[in-house]
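Q: 3D, please:
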Amino acid sequence: MRPVRSPRSTPAGPRAPFSTVGPMADPERLRLYAYVTAPEAEDYLAIMSAFTQALLVEWSAQDVVDHGVDLPAEVVAARCRSLAEHGNLLLSPREVRVTSIAEYQSQPARYSVSALGARLHREVEAFLAVTGGAREVPRELLALIAEGLAGLDPDGDARALAGAVSTIFAQFQDFAGSVTDFYTYIGSVLTRSDLDGDEWSGFKALLIDYLESIVESVRLHSPAIAAALARLHPRIDDVVARIGDAGFAALEASTPGGEGTQRAQGRRREDWSDLEKWFAGPGSRQLREAAHRAVGSLLSSLKRINSASTNEASLRRHFLKLAGWFDGATPAEAHVLAAAAFGAYPSRHLGVPLDADLDAAVPATASWWRSPPAPVPVAL
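A: Predicted structure coming up:
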C-alpha cells in the first residue's frame with residue numbers, strides 16, 4: 001500500500017435504482033479500498049473491525065491488541081500507519097503531558113476511525129457476508145409503501161410525518177436493492193451454456209413463477225403508489241421542510257456548501273423525484289422488460305437442450321463421464337486413457353522418398369499394410 005493524501009470528506013449522493021448515470025469516481029477516495037485487496041488483507045480487516053465496533057475511541061496499537069486482535073503490537077502499529085496514510089484511520093492530535101522531548105517521542109501513536117473509513121468497512125463486512133445466490137425480494141413492501149403514501153398527511157404532526165417518510169423510503173430502498181440483486185443473479189444464470197435438463201427445470205420455476213410474481217406485484221401496486229405521489233407532488237417541498245431536523249440543519253450550515261453532511265432518505269427533493277421516476281417512469285418499465293428478456297433467454301436454453309439431446313450438439317455429458325474416468329484412474333491408466341480419448345498415440349510410420357517407378361505404381365490412398373515394402377537407406 002503506497003502512501004497517499006487523505007481523501008476528501010464530501011460524500012457521494014445516493015444512486016437511484018436503475019440509474020444510468022453514477023457519481024464521478026474520486027481517485028483519492030477509491031484508495032480507501034486498497035486494504036481490502038492488499039496481501040495483508042486479513043490483518044487490515046481485523047483492525048478495522050475492532051475500530052468500527054467501538055464508538056469514539058482513540059487507540060494505540062497495544063489497545064487494538066488488548067481488544068481482541070491477535071497480532072503482535074509491532075505489526076498492528078505498521079498496519080495502522082498504512083491505514084492512516086490511506087485515510088481509513090485518523091492520527092489522533094490529542095495532547096499528552098510529558099517532561100521531555102524524548103518522553104514525547106516515545107508516546108505511542110493513537111488512532112481513530114475516519115467517517116468514510118467506518119462507512120466503507122461496514123459495507124465491506126456486509127459484502128463479505130452475502131452469498132452469491134438469489135436474494136429474496138420482499139414483495140409485501142410494495143403494499144406497505146402504497147399504504148404509507150396514501151396515509152401521509154403533509155399537515156399532520158411533524159414527528160409522525162418524519163417517521164412515516166423514513167419508513168416509506170427504508171422500505172423502498174430495501175425492495176429496490178433486492179430487485180436489482182435478484183435480476184443480477186438471473187443474468188448470471190442465463191449466460192451459462194451448460195445448463196442440463198434438471199437445472200433448467202429448477203430455473204424454470206424460479207423465472208416463470210417467482211419472477212412473474214414480482215412483476216405482477218409491481219404492476220398491481222404501481223398505480224396506487226403513482227396516484228399517491230401525484231397527490232403529494234405539490235406539497236413535497238412542504239413535507240421536506242417540516243421533517244427537517246433543525247440541529248442537523250445547523251450542522252449542515254456550519255460547513256462550507258454543506259460538505260461533509262448527508263441527509264437521511266426522504267429529506268431531499270431529489271429523493272422524492274427518484275421515487276416518482278421509479279414507479280411512474282422507467283424503473284417499473286425496465287423491470288417488466290427485463291423479465292420478458294429473461295423468459296426469452298430461458299426458452300432459448302430449452303431449445304438448445306432439446307437440440308443437444310437429439311443431435312448430440314453438446315458433448316457436456318461425455319466430457320463429464322471422461323473426467324470421472326480420469327479422476328478414478330492410476331497414473332499409468334490415465335496415460336492410456338488420454339491416448340485413447342484424444343488420439344495421442346506415438347508416431348508409428350516413417351516416410352521416405354520412393355523410386356519414381358514404385359511411387360507411380362502405388363497411389364497415395366493405398367494401405368501401407370498391403371503395399372510393397374519401401375527400400376530404406378542404411379544411413380537413415
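
Q: just the helices in the stretch 201-350 of the chain please.
A: Ranges of helices in the stretch 201-350 of the chain, per DSSP state H, counting those that start in this stretch, are 212-232, 236-243, 246-253, 269-280, 282-311, 316-328, 331-342.

Q: Report the buried residues of the first one.
A: Buried residues in helix 212-232, counted by 16 or more other C-beta atoms under 10 Å: Ile214, Ser217, Val218, His221, Ser222, Ala224, Ile225, Ala226, Ala228, Leu229, Leu232. The way it works is simple: take the backbone N, C-alpha and C, and place the C-beta from them, glycine included.

Q: do stretch 166-185 as well
A: Buried-residue list, stretch 166-185, by 16+ other C-beta under 10 Å: 168-169, 171-173, 175-176, 178-179, 181-183, 185.

Q: so who does Ile168 touch?
A: Ile145, Gly148, Leu149, Leu152, Gly266 (C-beta atoms under 8 Å, 6 or more residues apart in numbering).

Q: any idea which of these is closest to Thr37?
A: Using C-beta to C-beta, Gly266 comes nearest to Thr37 of the contacts of Ile168, at 35.0 Å.

Q: list the contacts for the closest one?
A: Counting by C-beta under 8 Å, 6+ apart, Gly266 touches Val165, Ser166, Ile168, Phe169, Val240, Ile243, Trp272.

Q: in terms of contact, does Ala54 touch His67 like I think?
A: Yes: counting by C-beta atoms under 8 Å, Ala54 does reach His67; the two are 7.3 Å apart.

Q: helix, strand or coil for the nearest residue to Ser60 once chain neighbours are set aside?
A: Leaving aside its sequence neighbours, Ser60 sits nearest to Pro108 (C-beta to C-beta, 6 or more residues apart in numbering; 3.9 Å). Three-state assignment for Pro108 (DSSP: H, G, I helix; E, B strand; the rest coil): coil.

Q: So for stretch 115-130, mean pLDDT?
A: Per-residue pLDDT over stretch 115-130 has a mean of 87.

Q: Strands of the chain, start to end?
A: For the chain, strands defined by DSSP state E occupy the ranges 89-91, 111-113.

Q: hey, which of those is tucked in deepest?
A: Among these, ranked by average contacts under mean count of other C-beta atoms under 10 Å, first place goes to strand 111-113 (a mean of 24).

Q: Return the list of helices and strands in contact with it.
A: helix 41-52, helix 73-86, strand 89-91 (3 or more C-beta pairs under 8 Å, 6 or more residues apart in numbering; DSSP states H and E).

Q: if we can go back for a sec, which of the contacts of Ile168 sits closest to Arg316?
A: Ile145 (44.6 Å).

Q: What about that closest one, how many residues nearby?
A: 23 (other C-beta atoms under 10 Å).

Q: As PDB, could you dump the C-alpha coordinates of stretch 212-231?
A: Provided in PDB are the C-alpha atoms of stretch 212-231 (Å, rounded to 0.1, in the frame of the first residue of the first chain):
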ATOM      1  CA  GLU A 212     -43.700 -13.300 -12.700                       C
ATOM      2  CA  SER A 213     -45.000 -12.800  -9.200                       C
ATOM      3  CA  ILE A 214     -42.600  -9.900  -8.700                       C
ATOM      4  CA  VAL A 215     -43.600  -8.300 -11.900                       C
ATOM      5  CA  GLU A 216     -47.300  -8.800 -11.100                       C
ATOM      6  CA  SER A 217     -46.800  -7.200  -7.600                       C
ATOM      7  CA  VAL A 218     -45.200  -4.100  -9.200                       C
ATOM      8  CA  ARG A 219     -48.000  -4.000 -11.800                       C
ATOM      9  CA  LEU A 220     -50.600  -4.300  -9.100                       C
ATOM     10  CA  HIS A 221     -49.300  -1.600  -6.700                       C
ATOM     11  CA  SER A 222     -47.600   0.900  -9.000                       C
ATOM     12  CA  PRO A 223     -50.900   2.700  -9.900                       C
ATOM     13  CA  ALA A 224     -51.800   3.300  -6.300                       C
ATOM     14  CA  ILE A 225     -48.300   4.500  -5.500                       C
ATOM     15  CA  ALA A 226     -48.100   6.800  -8.500                       C
ATOM     16  CA  ALA A 227     -51.500   8.300  -7.600                       C
ATOM     17  CA  ALA A 228     -50.400   8.900  -4.100                       C
ATOM     18  CA  LEU A 229     -47.200  10.600  -5.300                       C
ATOM     19  CA  ALA A 230     -49.200  12.700  -7.700                       C
ATOM     20  CA  ARG A 231     -51.400  13.900  -4.800                       C
END
